[in-house]
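Novice: need coordinates for the following:
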Amino acid sequence: MLKLSKTIEYALISINHINKCDEDKPISVKKISNQYSIPFELLAKILQKLSKAQVLKAVHGPRGGYKLNDKYRDYTLIQLIEILEGPFGITGCLTDHSCEQISNCNIINPIEKINSQVYQVLNEIKLNKIT
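Specialist: As a prediction, this is how the structure comes out:
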C-alpha cells in the first residue's frame, strides 16, 4: 500500500492549522500538538525542518511559534515529502542504490515508470491548494 507517512500527515495538519489562524500571531507547537494529539517532540522536529526549508517562519520568544512563510505557496507536495523524508521513491532501490537484486531485477523498468508518474502527480500539487 502506498500511503503518506505520519510525518507528512502531521506536517500537512500543522500547515493547514497555521493557515487558518490569524496571520499576525505565531502558533505554538504545543497548541498544535495538543489540539491534534500529535507527539510534541516529533512535531517540534517537523516544524523545525519546515522552518529551515523556509516553508514556515519561526518566531522565538515566550509568545513564539510558527507562521507561514510567503514562499510556502511555491512548494509542492513532493518538495514537502523530500524536505522531511529525503529523496522520493516508491521502493527502496530507487533511493538506496545498494540493492543486491538490482542486476537481476525484472521489474525495475516498470517500477521506475510508476515512480516517475507518482512523482509528477505529487509535484503538481501545491501546498496552498491542499491547506
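
Novice: could you use CA atoms for every contact and neighbour count after this?
Specialist: Noted.

Novice: and stretch 67-75, end to end?
Specialist: Start-to-end span of stretch 67-75 (CA to CA, to the nearest Å) is 15 Å.

Novice: buried set for that stretch?
Specialist: 67-68, 72, 75 (16 or more other CA atoms under 10 Å).

Novice: so can I have a markdown table of those residues showing secondary structure?
Specialist: As requested, the buried residues of stretch 67-75 are arranged in a markdown table below (DSSP: H, G, I helix; E, B strand; the rest coil):
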| residue | secondary structure |
| --- | --- |
| Lys67 | strand |
| Leu68 | strand |
| Tyr72 | helix |
| Tyr75 | coil |
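
Novice: can you lay out the residues you listed as CSV showing pLDDT and distance to His17?
Specialist: Output for the buried residues of stretch 67-75, formatted as CSV (pLDDT from 0 to 100; distance: CA to CA, whole Å):
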residue, pLDDT, distance to His17
Lys67, 95, 10
Leu68, 94, 10
Tyr72, 89, 14
Tyr75, 95, 17
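
Novice: specify which member of those residues is nearest to Ile83.
Specialist: Ile83 lies nearest to Tyr75 out of the buried residues of stretch 67-75, by CA to CA, at 10.4 Å.

Novice: next up, the contacts around that closest one.
Specialist: When contacts are counted by CA atoms under 8 Å, 6 or more residues apart in numbering, Tyr75 is found next to 55, 126-127.

Novice: no more questions from me, cheers.
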